[in-house]
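Visitor: Output the structure for:
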Amino acid sequence: MTVAGAFLGGASGRLLPAAAPLRFFGAAVVYHVLGWLVLAFAPGDALSFRGGLGWPLAALHLFTLGVLGMTALGAAAQLLPVATRQAPVGARALAWIWSLYTPGVALLALGMGFALPPLLALGGLAVAVALATWAALVALHLRAARGMPGVCAHAWSALVSLLLLLASALLLAAAWLGWDVPGRQLTLPLHLLFAPFGFMGMLALGLSYVLVPMFALSQPPRESFQLASCALIVAALLLAAAAALGVAPAVARALAWVAGLAGVLLHLIEMRRALATGMRKELGRSFVLVKLAWGALLATLVLGGLLWTGVELPRGEAAFGLALLAWLLTFVIAILQRILPFLSALHAAAGRRRGPTASMLTHEKALKLHFRCHLAAFAGLALAIALDAGWLARAASLAGLAGALAFGYFHLHLLRKLRAAGV
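Guide: As a prediction, the model looks like this:
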């Protein structure tokens, strides 16, 4: 049975109430706009940013916590029941998490932008409590999991990474408050490792084993490849952490890079196989973005490996950061534009002989504009880094903002159609 067949076959018992995932996805759409808005208009030059508080750091967290985190929380809450063949987690608990997490991200970003450590700490604490509660719910869910061990292994790895990144984030916030935090020089490297690669990266890779075959109408990827890829990437994370802690750094970095690259290549082999063997061949612009995201992931690993080996690259750290953001943001936005109409159509069809289809809920012109603006934004940012042109970075951010607004219109169009259908 295909993943899509498994999902549709058990949809009635596995769907959360429509509001549960949609409120997370809606917040992600809003934070997507705010992230580009801050990059385009806020004071400070993102290209010259070298750490510390400021609006570039706020924009980064609007994208990571606001867009990536929101989408991950909503998607995992709905999709993990598909992978583990269980009833979904409680909608009330998810609503409470959303009500704490959403303002927490806003306070955290404002604290960073205005350089107000107490506000940053308050927002960070709210975010940490919400994420820890979500992690506990997911862990209880995974304990009773049945089926898809590869997806579950990725989810467990993401949860452990989440705990490590929360610990490092709280230590960083304490340091900004002026507390004497031991090992401050190690906290930031561990945070930069486990936030994008450990938590978001493992979730993105793991849920891909559900999402890509579901939309391509193909068989699930081979479990042996999923588990081998997971094991290699976990080994890479552990080796990179050991290098950050000073344990044979040169050797550990080299082994981490090889293991990480091998794990990602195994993952991409399975993704290519799923697309090649799927019954649905025309997957539209969203999967063009997915493929570009996979290319950005490989670019991230190549740039990271070069920087780790001490190769002098002009503005290499900025290029690495851009490739990392391009990978995660492009992948999440691409998947979000498929999940939103798909889940909404399922909810709209519940209890009805006929409801609106996913295509009826999709505003193609808005998504086409977003596609062009998104690509222009990242191409412009890459050129701005190469030329060290701050004005070009702001122009590229304006293109990103236009794309985010177009994506927001697509979301509003979908909500209006759902309301008309009585959902």
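
Visitor: pLDDT below threshold where in this protein?
Guide: 1-14, 82-83, 182-184, 349-355, 422-423 (pLDDT under 70).

Visitor: ranges for the strands of it?
Guide: Using DSSP state E, the chain contains no strands.

Visitor: list the contacts for the nearest residue to residue 306 once chain neighbours are set aside?
Guide: In this structure, residue 306 finds its nearest non-sequential neighbour in residue 313, 6.1 Å apart by C-beta to C-beta, 6 or more residues apart in numbering. Glycine gets a C-beta too; all of them are placed from N, C-alpha and C. Each residue near residue 313 by C-beta atoms under 8 Å, 6 or more residues apart in numbering is listed here: 303, 306-307, 319.

Visitor: now with 7 Å?
Guide: Neighbour list for residue 313: 306-307, 319 [criterion: C-beta atoms under 7 Å, 6 or more residues apart in numbering].

Visitor: go on, residue 66?
Guide: Contacts of residue 66 (C-beta under 7 Å, 6+ apart): 28, 31, 34-35, 105.

Visitor: can you pull the contacts of residue 177?
Guide: 117, 121.

Visitor: ok, it to residue 90 distance?
Guide: According to C-beta to C-beta, to the nearest Å, residue 177 and residue 90 sit 34 Å apart.

Visitor: before we move on, what about residue 245?
Guide: Relative to residue 90, residue 245 is positioned 38 Å away (C-beta to C-beta).

Visitor: What is the neighbour count of the nearest residue to residue 222 once chain neighbours are set aside?
Guide: Of all residues not flanking residue 222 in the chain, residue 270 sits nearest, at 6.5 Å (C-beta to C-beta, 6+ apart). Using other C-beta atoms under 10 Å, residue 270 has 22 neighbouring residues.

Visitor: I figured residue 270 hits residue 225, correct?
Guide: Yes. With contact defined as C-beta atoms under 7 Å, residue 270 counts as touching residue 225 (5.0 Å).

Visitor: out of everything not next to it in sequence, what's closest to residue 170?
Guide: What sits nearest to residue 170 in space, not counting adjacent residues and going by C-beta to C-beta, 6+ apart, is residue 128, at 6.0 Å.

Visitor: er, residue 15 I mean
Guide: Among residues not flanking residue 15 along the chain, residue 346 sits closest, at 6.3 Å (C-beta to C-beta, 6+ apart).

Visitor: The one you found: how many residues sit nearby?
Guide: 18.

Visitor: Over to residue 33?
Guide: Residue 33, neighbours per other C-beta under 10 Å, totals 19.

Visitor: who touches it in this structure?
Guide: Shown in contact with residue 33 (C-beta under 7 Å, 6+ apart): 401, 404-405, 408.

Visitor: Going by neighbour count, which of those comes out on top?
Guide: Going by other C-beta under 10 Å, residue 404 tops those with 25 neighbours.

Visitor: Any chance of JSON lines for the contacts of residue 66, columns distance to residue 150 and neighbour count?
Guide: Below are these laid out as JSON lines (distance: C-beta to C-beta, whole Å; neighbours: other C-beta atoms under 10 Å):
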{"residue": "28", "distance to residue 150": "26", "neighbour count": "26"}
{"residue": "31", "distance to residue 150": "30", "neighbour count": "26"}
{"residue": "34", "distance to residue 150": "35", "neighbour count": "20"}
{"residue": "35", "distance to residue 150": "31", "neighbour count": "27"}
{"residue": "105", "distance to residue 150": "30", "neighbour count": "25"}
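
Visitor: Distance check, the closest residue to residue 409 other than its chain neighbours against residue 22.
Guide: Using C-beta to C-beta, 6+ apart and skipping residues adjacent in sequence, the residue nearest residue 409 is residue 366, 4.6 Å away. When C-beta to C-beta is the yardstick, residue 366 and residue 22 sit 17 Å from each other.
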